[in-house]
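A.B. asks: the following comprises the amino acid sequence and a computationally predicted model.
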Amino acid sequence: MPGTLVHVGAERVSAVGINLIHFTAEHAEDVQVPTAEACFPYRDAEGVTWINVDGVHDVGVVERLGLHFGLHPLALEDIVNTNQRPKVEDFESYVYFVVRMLSARNDGDGMRVDNEQISIVLGHNFVLTFQERPGDAFEPVRQRIRENRGRIRKLGADYLAYSLMDVVVDNYFVVLEQFGEEVEEVEQSLMDQPSQELLQDIQRMKRLMIEVRRAVWPLRDVINAVLRGDVKLFKKPTLVFLRDVYDHCVRVVDITETHREMVASMLEIYVSQMSHRMNEVMKVLTIIATIFIPLTFVAGVYGMNFDNMPELHWDLGYGFAWGIMVAVSVTLIVFFKKRNWF
């Protein structure tokens with residue numbers, strides 16, 4: 001039924017990790033809490049509370065946190081269903097975001113991209129983030145909070161939510177930079193020696209770009225919806241910074257489209273290279289066949305068993321036949337050379 005919490009995604013058995021950061025302009029507290037209930041006293045605490053959950057496979061933890069912070073059952077259902085596209089939903093007292101966090105890795109067979117769903121819940125004085133697994137791009141934000149660098153501890157929860165989305169978008173540039181380097185390597189190899197393995201690499205990169213595009217394009221619309229004023233929890237000072245994230249999203253989209261076109265052009269280059277190689281092979285075979293056709297004709301003529309063939313009883317007949325064949329071959333080779341056919 002709608003609102004039923006069923007985990008959809010990669011199966012995991014590890015324990016869920018909960019990190020809590022509570023801060024004001026004067027102090028910051030960063031702790032690992034053992035249970036969801038340990039976070040409950042911070043809901044109405046002065047300052048800003050950021051609760052990060054590593055692992056949504058334990059729906060009990062998500063449900064208890066959601067009920068205490070007043071999240072709608074449909075929002076909780078989307079949190080544990082990790083196949084969501086980037087979106088924003090305004091529930092008046094809080095805002096629910098879905099973003100896709102990308103990370104690049106190389107498994108020996110080429111670049112791979114891990115696509116993880118990040119759910120961000122923005123309230124008046126709290127931010128909840130739900131991740132599929134431990135490890136993220138949020139460490140620079142945590143470091144700024146601990147060291148009180150920048151304005152993050154002086155502003156509210158909306159600025160914290162902006163900061164999290166900002167590092168997610170900035171991480172796209174890291175992934176695209178690594179992808180661009182691989183594109184250049186494959187393109188160079190393609191020009192030197194096209195092979196079936198390169199075709200598989202091109203197909204893999206094509207799928208990667210489709211995956212990146214699915215993560216980036218909807219996020220641009222999400223941020224644009226916030227900038228239009230559809231989300232009231234974002235204050236005007238924060239919207240100025242959020243416009244910078246939107247600009248970064250547009251740049252990421254442009255780079256993604258450029259890489260997609262490059263991959264598509266590499267596929268065309270591969271087809272052209274293979275066609276060119278096939279044409280070269282066919283040209284060589286055609287030249288060989290053209291040279292041997294008249295030789296076969298001469299050999300066929302003198303292979304006939306007629307008694308009245310003068311050359312058959314001539315002492316120089318064998319050499320004469322060879323002379324005709326060599327002369328014809330040399331003539332054809334000289335002709336082909338002049339035509340630059342080989």
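C.D. replies: Everything's here; your move. Numbering: from 1, shown residues only.
A.B. asks: distance-wise, check Val231 relative to Gln117.
C.D. replies: 20 Å (C-beta to C-beta, to the nearest Å). C-betas here are computed from N, CA, C, even on glycine.
A.B. asks: can you give me the helices in this structure?
C.D. replies: In the chain, the helices defined using DSSP state H lie at 59-68, 73-80, 139-147, 157-192, 196-227, 236-301, 317-338.
A.B. asks: centre-most residue in this structure?
C.D. replies: Nearest to the geometric centre of the chain sits Leu208, at 3.2 Å (C-alpha atoms, centre = their mean).
A.B. asks: what's near enough to touch that one?
C.D. replies: With contacts defined as C-beta atoms under 8 Å, 6 or more residues apart in numbering, Leu208 is in contact with Met111, Arg112, Val113, Phe179.
A.B. asks: so for Val186, what's the pLDDT?
C.D. replies: Note for Val186: predicted pLDDT of 79.
A.B. asks: quick check: closest non-adjacent residue to it.
C.D. replies: Asp201 (5.3 Å; C-beta to C-beta, 6 or more residues apart in numbering).
A.B. asks: go on, Met209?
C.D. replies: Nearest to Met209 is Arg260, by C-beta to C-beta, 6+ apart, at 4.7 Å.
A.B. asks: and the one you found, how far from Pro218?
C.D. replies: Distance from Arg260 to Pro218, by C-beta to C-beta: 16 Å.
A.B. asks: likewise for Phe173?
C.D. replies: Counting by C-beta to C-beta, the gap from Phe173 to Pro218 is 18 Å.
A.B. asks: between those two, which one's more packed in?
C.D. replies: Ranked by neighbour count (other C-beta atoms under 10 Å), Phe173 and Pro218 place Pro218 first, with 17 against 13.
A.B. asks: find the nearest non-adjacent residue to that one, please.
C.D. replies: Nearest residue to Pro218 in three dimensions, chain neighbours excluded: Pro86, at 4.0 Å (C-beta to C-beta, 6+ apart).
A.B. asks: go on, Phe241?
C.D. replies: Tyr162 is the one closest to Phe241 (C-beta to C-beta, 6+ apart), at 5.4 Å.
A.B. asks: now do the same contact list for the one you found.
C.D. replies: Contacts for Tyr162 (C-beta under 8 Å, 6+ apart) come out as Phe234, Thr238, Phe241, Leu242, Val245.
A.B. asks: what's in contact with stretch 184-200?
C.D. replies: Outside stretch 184-200, the residues touching it (C-beta under 8 Å, 6+ apart) are Asp201, Ile202, Met205, Met262, Met266, Ile269, Tyr270, Gln273, Met274, Arg277.
A.B. asks: now the residue nearest to Val186: how far from Ala28?
C.D. replies: Look at Asp201 and Ala28: by C-beta to C-beta, they are 46 Å apart.
A.B. asks: counting neighbours, what do you get for Thr129?
C.D. replies: Per other C-beta under 10 Å, the neighbour tally for Thr129 reads 22.
A.B. asks: nope, Tyr318 is what I meant
C.D. replies: Neighbour count of Tyr318, defined by other C-beta under 10 Å: 12.
A.B. asks: what of His276?
C.D. replies: His276 is flanked by 11 other residues according to other C-beta under 10 Å.
A.B. asks: sorry, back to before: and the residue nearest to Val186, how many neighbours does it have?
C.D. replies: When neighbours are counted by other C-beta under 10 Å, Asp201 registers 23.
A.B. asks: perfect, I'm done here.
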